[in-house]
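Visitor: Structure for the following, please:
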Amino acid sequence: MNNEGGLPRGMLAVERKSGHVARWLIAAIREGRYKVGEKLPPERTLAGMLNVSRTAVREALSVLQTMGIVEPRVGDGTYLVGIPPAEIGVDEALDALEESGTLYQVWQVRRELESILARLAAETASPKDLSLVHRALLDLETAVASGDPDEYLEANNRFHLAVAEAGKNPFLRRALLPLLEITKFQLARHVTSGYVSSHAAQLVEKHQEILNALRSGSPALVEEVLKRHFAKTDEVFLNR
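Guide: From the prediction side, this is the model:
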């Protein structure tokens, strides 16, 4: 039985849920349910509509993103930017996204881009830029206090985007955006509510260290702090 035009419940146990979500979205787009330029429903809404986890929705959106169909905008949502071609390799894209090497390579690129932008931010950030990073840190503290892993991951992305924007290089920032979203779905498998609660102080402290380094105006210090910050995440992608 379908859930409001969504996925057949029995079928979900047979095939990968993220693949079903991707196919459902592709069909909905082709039927005109969503138009180019429109924002798609939030992950939580789609997960409820389709009786799947938010992780399955996130994986499906990552696949559509790699195909140029949707575009995530950190802190705003996911927008439809293209119409799916007649023949589309959803399974192949999911397999590629699942490969450990592929995800680690994406993480490597994200890590290097963030380091460059953060070093630039240390040199060029204005008081207003630093205020926005501080605001993002306060939002992250609130998310950590809630214990909700999805809220934390969203706030974490907003913080890193605020740092990137302070680097004032729109080309590098634009390149970073999809990497934030692609890596978020892998982190979601590791960051549970228990993890957020048990590491609350550390999660806030390590982001505070990044802000402090930016305020120092020292690119070398920023690079050193980020290297420590990213070390734990390296383990997540290497030991999947």
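
Visitor: contacting residues for the residue most central in space within the chain?
Guide: Nearest residue to the geometric centre of the chain (C-alpha atoms, centre = their mean): residue 181, 2.5 Å. Listed by C-beta atoms under 8 Å, 6 or more residues apart in numbering, the contact set of residue 181 reads 58, 61, 62, 65, 72, 74, 157. To be clear about C-beta, it is placed using only N, CA and C from the backbone, and glycine gets the same treatment.

Visitor: try 10 Å this time
Guide: Counting by C-beta atoms under 10 Å, 6 or more residues apart in numbering, residue 181 touches 58, 61, 62, 65, 70, 71, 72, 73, 74, 78, 157.

Visitor: Over to residue 150?
Guide: 43, 44, 47, 54, 55, 58, 143, 184, 188, 191, 193, 196.

Visitor: about what we covered before: alpha carbons only: can I get the host helix or strand of the residue nearest to the centre of the chain in PDB?
Guide: Here residue 181 sits within helix 170-190, counting by DSSP states H and E. What follows is helix 170-190 as a C-alpha-only set of coordinates in PDB (Å, rounded to 0.1, in the frame of the first residue of the first chain):
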ATOM      1  CA  PRO A 170      33.200  32.900  -4.200                       C
ATOM      2  CA  PHE A 171      34.600  30.300  -6.600                       C
ATOM      3  CA  LEU A 172      36.100  28.200  -3.800                       C
ATOM      4  CA  ARG A 173      33.000  28.700  -1.700                       C
ATOM      5  CA  ARG A 174      30.800  27.500  -4.600                       C
ATOM      6  CA  ALA A 175      33.000  24.400  -5.000                       C
ATOM      7  CA  LEU A 176      32.700  23.700  -1.300                       C
ATOM      8  CA  LEU A 177      28.900  23.700  -1.100                       C
ATOM      9  CA  PRO A 178      28.100  20.300  -2.600                       C
ATOM     10  CA  LEU A 179      31.000  18.700  -0.700                       C
ATOM     11  CA  LEU A 180      29.500  19.800   2.600                       C
ATOM     12  CA  GLU A 181      26.200  18.000   1.700                       C
ATOM     13  CA  ILE A 182      27.800  14.900   0.300                       C
ATOM     14  CA  THR A 183      30.000  14.300   3.400                       C
ATOM     15  CA  LYS A 184      27.200  15.100   5.700                       C
ATOM     16  CA  PHE A 185      25.300  12.000   4.900                       C
ATOM     17  CA  GLN A 186      28.300   9.800   5.800                       C
ATOM     18  CA  LEU A 187      28.800  11.700   9.000                       C
ATOM     19  CA  ALA A 188      25.100  11.100   9.800                       C
ATOM     20  CA  ARG A 189      25.900   7.400  10.200                       C
ATOM     21  CA  HIS A 190      28.500   8.100  12.800                       C
END
